[in-house]
Each structure stands twice: as structure tokens, then as C-alpha cells.
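Novice: next input, structure requested:
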Amino acid sequence: MSDSAASSGAVGGEVAGGEYERTPVPAKARLGFKSFIGMYAGEHAAGTELMIGPLFVLAGVAAFDVVIGLLIGNMLAVLSWLFLTAPIGTRVRLTLYCHLEKIAGRHTVILYNLANGVSFCFLAGAMITISATAVGVWFGFPLPTLSDLLPNSLGWVLSVIGVGIVITVVAAYGYRFVSWFANIAAPWMVLMFLGFGIVSLKWFIDATGAEASSLSDLWTLADTAIWTGVEVPGQPSFSIWHVIFFAWFANMAMHAGMSDLTVLRFARKSWYSIASAAGMYVGHFMAWLAASMLFAFQMYDAGLTSEAAVIAASEAGQIPTPLPGPLADQALGIAGLICVIIAGWTTANPTIYRAGLAFQAIVPTVSRFKVTIGTGILTTIVALFPGVAMQLLDFVALYGLLLMPVGAMIFIDYWVLPKLGLKSFYAEYTGQQFTLPVIATWLITLAICLFMVQFAGIEIFFVALPGWFIAAGFFVLLSFIAQRKRVEPSAAPSSSTLEST
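Specialist: Predicted structure coming up:
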């Protein structure tokens, strides 16, 4: 889901182990546009795509809803990187954690880093799980099903540990190595995902005898056989609005939540963030649709084309399990399995790296290398439990919601507070280790959003947008209350005093 890793890693440097964890990125270490294309494409055309795509089929999405919804939602995601994250990242040029510490104080940031680091571990754990499904097909041991929460075989445990070790070692060597790996793998993986889509389309044409001589014919096939709108009982029911908001906010923690400040601090220009489109439209459009088509054919081949058939199969526990390994093997054989393994690597590598940075901010006296190794061990333990990957849609939505208020506060702190005569980087200015406006805004926003989900019946995919504005409003109010007796209006900085690129 976002490549906070590859881009920053391509640089290195001479400060804090070569990653500029505590200082602004200097001009000599900044990256060109090409570095971000490979990174975003590499992470977003990745293992998660083979898990998320089938979930659209299980959720009963219709053809129009999934295609148009993904086009719109991914465009909104790119615009969020372009207008929310990149302008601040290329002016202040600090990691998210260092930036937030100046606003909130070290003790507040410790809480955030724990939440962020643990969330990254669960996300990276799902990536290791995905790669392990390909290893399982290769070696022939039993794979988990939709209902499995615990490891179901010794082979599964060993494969997860093996994949986890490789990914952890790569992540521990820093962004330079992660970026190099992603840029090598990305072009090949893109072709493989395209191959998944072409093969599955051919299967549908052969199985249905449908005409395929025009776009109209292909659309009819998609609407009647691939994305039929038949929902599997027990799965969420998706409309076009669900698709739009899921595509927009699947990476909310990275753009609206500002995690990719860590990546985009290396960009020479703010507009380089449009490279995120390489990830959104290759990974979160083409790859999601291709993976969705692979699983849709499994459903079609099993005769699950009507609501009655799907309900009967669900009651009998005969709904196919959307595991990336078997899906890829069925489509492209050994090449498909290799693609799944590498796709998991290119997502888990930067994710573990980011989690390591979050944890290292809590224990700065321990080297990033050692912290990342420990993070990889925790992530591998998470990956042993397949239920984490099976709930990926809900987890991604919850993860973005958890970190969203912090992104709103960073935005307000940089752009709005100076215009109101208030102080940016207030914790740094006062020397406070704990700032009430930040922690109170975060907790109040989450409480309101969870109330909307639990008691107002609003689905989790739809609460993040109003939640962002709720967080922004509370932060302005609480900052005014906290600062009015301490900071004179004449002392407030303007954003122009910060570096502008």
C-alpha cells in the first residue's frame, strides 16, 4: 500500500545511519521523479492486491461499481498525496515521527508510534502470509481457509518463518536496498498482473462462449459473468460508494494520515507525488481487477453464478478460499507463484522498515538495524495467523481511521495555526513532552468515529472523511485554548519561515 520505503531508501546519507531520521533531508540527498515511480508501483502492485481483488467479488460488487468506483477513488487518493502530504513533506523534510514530535511532544509521540508500529506489523504480517500461500502451493502442504484463524500445518509455520526471515533482513539494511529491490521487481510484477487479467478473461470467454470482438462485448461479459453483484453471505455488501471510499482511503494513513512525509521528504519537487498514480492505477486498479477476475472465475467454474447457488454453497462451507498462491498458480504456474512471493516481499519490506522507524523513535538509543530485526520477528509471529490476512479489508479501513486524526493535525499545524496567530511546532517551542491538544483531539475524534460506526450504523469506510474535519476543528479549538496565555500573536511563525522548495 504506499512506498514509504523505496523512495527514501534510494538515498542514504551521513546522518543517523544514513536515513536522516532526526534532521531535514539535505539537497544533495534528494531524489528525482523516476525514483518515486518505481517505488510506488513496486509496493502497490503487490501481494495485497491478490487478496483485496477477490474480496470485491465476495462483497457482491457489480461491474459498473467496481470499474468506475476504482477510477474515481484512486484519483482522489493521488490528489490527496499531491495536495495534502507532498507540500509539507518537501518544505519541512522531516520524517513523520520527528515532525509530530515537534508538534505533540515526545511522550505523545510514543503513543502514536506504538499504534503506528503495531499497525504496520499487522499489515506486513498479511504480506508474509500472502507470500507463504505461494510457498504452500510449491511444496504441497495444507493452506488455511477463510475460517482459519490459527496455523493449520507445520509446513505453513516453516514457510512463514522462512519468508519472514528474508523480508526482515532486507528491511534491516535500509531504504537504499529496499528501493533497489522494488525497482528491479516492479516492472516484471506489473506484467505478471496484466497476465493474470488476460488469462482469466480468456477463461471466461472460453467457458461462456461469449463474443469478444468489441468493448461492448467485453463489458457485457464483465457485467453478466465476472462481477455479477451476487454477495456471499457473511461478507460486507459493497456499492459504488464503498468502492470509491475504500480505494481513496485504503492508503489513508499514508496520504491524509501523513505517513508518507517520511518518503516525500526526499522528493526534489512537491509534484513528484503524482508518481503515486503508478501505484494506484497499476496496483489498485489493474491488479485489483485482475485478481478479482481470477477469483470470479473460480466462483464461475464452481457453478456459483446465482444468488441461490452462492447461499447454498455458503451454508455447506463450499465457497472457494481466495488465496493468492493457488490463484496465481492456476493462472501462470511457477511464474505466478514467484510473482506472489516477490509481491509480498516488495510490500512487506518497506512496511517493516517504517515500523522499525516508528519503534526506534521510542528507543532512539537502539540502532535502527536492531529495532528492525525485532520488528520483523514480531511481524513474522503475526503472519503465522492467517485470520489477519483474511480480514484485510476491515483492517485497512480501521488502520487508516486510527492514524487519520494525526494527519489532520499536521496539516492544520503547518497551514492554519500561523494564519490564526498561533504557534506551529508548539511542543518544540515550549519544551513540553506531552501536549493536551494533540492527544485530546486524537482520542475525541476516534471516539466520535467509533460511535458513528457502532451506534449510528455508519459503515467504517465512510467515517474517515468527516473524521478528518472533526479532528481539524477540535485541534484548532484546543490549540487556541492551550496557547492563548502562552504565545503572543506577534510570536507566531508563518509557514513561509520554513523551508520551501
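
Novice: give me phi/psi at the closest residue to Leu111 other than its chain neighbours?
Specialist: Using CB to CB, 6 or more residues apart in numbering and skipping the chain neighbours, the partner closest in space to Leu111 is Ile439 (7.2 Å). C-beta here means a position set from N, CA and C on the backbone, and glycine is covered the same way. Per-residue torsions, Ile439: phi -70, psi -40 (degrees, to the nearest 10).

Novice: how many neighbours does Ile439 have?
Specialist: Counted with other CB atoms under 10 Å, residues neighbouring Ile439 total 17.

Novice: what helix or strand is Phe193 located in?
Specialist: Assessed by DSSP states H and E, Phe193 sits inside helix 175-208.

Novice: list the helices and strands that helix packs on?
Specialist: On a contact count with 3 or more CB pairs under 8 Å, 6 or more residues apart in numbering; DSSP states H and E, helix 175-208 meets helix 6-9, helix 33-44, helix 154-172, helix 215-221, helix 288-301, helix 324-362.

Novice: can you lay out these as a markdown table showing mean neighbour count and distance to Gly89?
Specialist: Output for these, formatted as a markdown table (neighbours: other CB atoms under 10 Å; distance: least, CB to CB, whole Å):
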| stretch | mean neighbour count | distance to Gly89 |
| --- | --- | --- |
| helix 6-9 | 32 | 10 |
| helix 33-44 | 26 | 11 |
| helix 154-172 | 20 | 21 |
| helix 215-221 | 13 | 40 |
| helix 288-301 | 24 | 26 |
| helix 324-362 | 26 | 14 |
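
Novice: so Met258 sits right up against Ile410, yeah?
Specialist: Yes. The pair Met258 and Ile410 passes the contact test of CB atoms under 8 Å, sitting 4.8 Å apart.

Novice: name the residues contacting each of those two.
Specialist: Common contacts of Met258 and Ile410 (CB atoms under 8 Å, 6 or more residues apart in numbering): 88, 96, 99.

Novice: which among these gets closest to Val406?
Specialist: Leu96 (8.2 Å; CB to CB).

Novice: which one is the closest one nearest to, not counting chain neighbours?
Specialist: Leu261 is the one closest to Leu96 (CB to CB, 6+ apart), at 4.6 Å.

Novice: any idea how far the one you found lies from Glu43?
Specialist: The gap separating Leu261 from Glu43 is 16 Å, by CB to CB, to the nearest Å.

Novice: repeat that for Phe33.
Specialist: Taken as CB to CB, the span from Phe33 to Glu43 is 17 Å.

Novice: next: Trp188.
Specialist: 14 Å.

Novice: hang on, the earlier thing: dump the helices and strands packed on helix 175-208 into a markdown table; add mean pLDDT and distance to Ile52 as well.
Specialist: Below are those laid out as a markdown table (pLDDT from 0 to 100; distance: least, CB to CB, whole Å):
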| stretch | mean pLDDT | distance to Ile52 |
| --- | --- | --- |
| helix 6-9 | 37 | 20 |
| helix 33-44 | 82 | 11 |
| helix 154-172 | 88 | 19 |
| helix 215-221 | 94 | 22 |
| helix 288-301 | 94 | 6 |
| helix 324-362 | 83 | 10 |
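
Novice: distance between stretch 346-361 and the chain's centre?
Specialist: 12 Å (CA atoms, centre = their mean, to the nearest Å).

Novice: contacts only, for Ala115.
Specialist: 402-403.

Novice: next, the angle from the helix or strand containing it to helix 324-362.
Specialist: Using DSSP H and E, Ala115 maps to helix 106-139. Angle, helix 106-139 to helix 324-362, by axes from the mean of the first three to the mean of the last three CA atoms, to 10 degrees: 160 degrees.

Novice: from Val118, how far off is the residue nearest to Leu111?
Specialist: Relative to Val118, and taking CB to CB, Ile439 is found at 18 Å.

Novice: same question for Ala358.
Specialist: For Ala358, the distance to Val118 equals 9 Å [CB to CB].

Novice: do the same with Trp241
Specialist: Trp241 is 30 Å from Val118, by CB to CB.

Novice: the two - which one has more neighbours?
Specialist: Looking at Trp241 and Val118 with other CB under 10 Å, you find the greater number of neighbours at Val118, namely 18 against 15.

Novice: contact partners for the more buried one?
Specialist: Neighbour list for Val118: Ala355 [criterion: CB under 8 Å, 6+ apart].

Novice: same deal with Met286?
Specialist: Met286 neighbours (CB under 8 Å, 6+ apart): 45, 190, 193-194, 197.

Novice: give me phi/psi at it?
Specialist: phi -60, psi -50.

Novice: for His255, same thing?
Specialist: His255 adopts backbone torsions of phi -100, psi -70, taken as degrees, to the nearest 10.

Novice: any idea of the pLDDT on it?
Specialist: His255 is assigned a pLDDT of 96 by the prediction.

Novice: please identify the helix or strand for the closest residue to it other than its chain neighbours.
Specialist: Spatially, and ignoring its direct neighbours in sequence, His255 is nearest to Ser80 (3.9 Å; CB to CB, 6+ apart). Assigned by DSSP H and E, Ser80 belongs to helix 63-80.

Novice: following that helix, which helix or strand comes up?
Specialist: Assigned by DSSP H and E, the successor of helix 63-80 is helix 86-92.

Novice: what does the helix or strand just after that following helix rub up against?
Specialist: The C-terminal neighbour of helix 86-92 among helices and strands, as given by DSSP H and E, is helix 96-104. If you take CB under 8 Å, 6+ apart as the criterion, helix 96-104 is touched by 21-22, 88, 92, 94, 108-109, 112-113, 258-262, 357-358, 361, 406, 409-410, 413, 424-428, 434-435, 438-439.

Novice: low-confidence stretches in the chain?
Specialist: 1-19, 146-147, 174-179, 181-183, 393, 485-501 (pLDDT under 70).

Novice: determine the number of other residues adjacent to the closest residue to Gly467 other than its chain neighbours.
Specialist: Spatially, and ignoring its direct neighbours in sequence, Gly467 is nearest to Cys449 (4.5 Å; CB to CB, 6+ apart). Other residues within reach of Cys449, judged by other CB under 10 Å, total 23.

Novice: distance from the helix holding Phe193 to the middle of the chain?
Specialist: 19 Å.

Novice: quick check: angle from it to helix 154-172?
Specialist: 140 degrees.

Novice: top of the shared contacts of Met258 and Ile410 by neighbour count?
Specialist: Ranked by the number of neighbours (other CB under 10 Å), those place Leu96 first, at 32 neighbours.

Novice: how near is that one to Thr228?
Specialist: Distance of Leu96 to Thr228, given as CB to CB: 42 Å.

Novice: any buried residues in the helix holding Ala115, and which?
Specialist: The neighbour-count check on helix 106-139 (16 or more other CB atoms under 10 Å) flags 106, 108-113, 115-138 as buried.

Novice: closest to Ile458 out of the helices and strands packed on helix 175-208?
Specialist: Closest to Ile458 of the helices and strands packed on helix 175-208, according to CB to CB: helix 288-301, at 24.3 Å.

Novice: residues in contact with the closest one?
Specialist: Contacts for helix 288-301 (CB under 8 Å, 6+ apart): 49-54, 56-58, 66-67, 70, 193-194, 196-197, 199-201, 203-204, 207, 225-227, 305, 310, 319-320, 322, 324, 327-328, 330-331.

Novice: pull that helix out as PDB, backbone CA atoms only.
Specialist: Provided in PDB are the C-alpha atoms of helix 288-301 (Å, rounded to 0.1, in the frame of the first residue of the first chain):
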ATOM      1  CA  TRP A 288      -7.200  -5.400  -8.100                       C
ATOM      2  CA  LEU A 289      -9.400  -6.100 -11.200                       C
ATOM      3  CA  ALA A 290      -7.100  -8.800 -12.400                       C
ATOM      4  CA  ALA A 291      -7.100 -10.600  -9.100                       C
ATOM      5  CA  SER A 292     -10.800 -10.100  -8.800                       C
ATOM      6  CA  MET A 293     -11.200 -11.800 -12.200                       C
ATOM      7  CA  LEU A 294      -9.100 -14.800 -11.200                       C
ATOM      8  CA  PHE A 295     -11.300 -15.400  -8.200                       C
ATOM      9  CA  ALA A 296     -14.500 -14.700 -10.100                       C
ATOM     10  CA  PHE A 297     -13.600 -17.500 -12.500                       C
ATOM     11  CA  GLN A 298     -13.100 -19.800  -9.500                       C
ATOM     12  CA  MET A 299     -16.700 -19.000  -8.500                       C
ATOM     13  CA  TYR A 300     -18.000 -19.300 -12.000                       C
ATOM     14  CA  ASP A 301     -16.200 -22.700 -12.500                       C
END
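
Novice: if anything else comes up later, I'll come back, but that's it for now.
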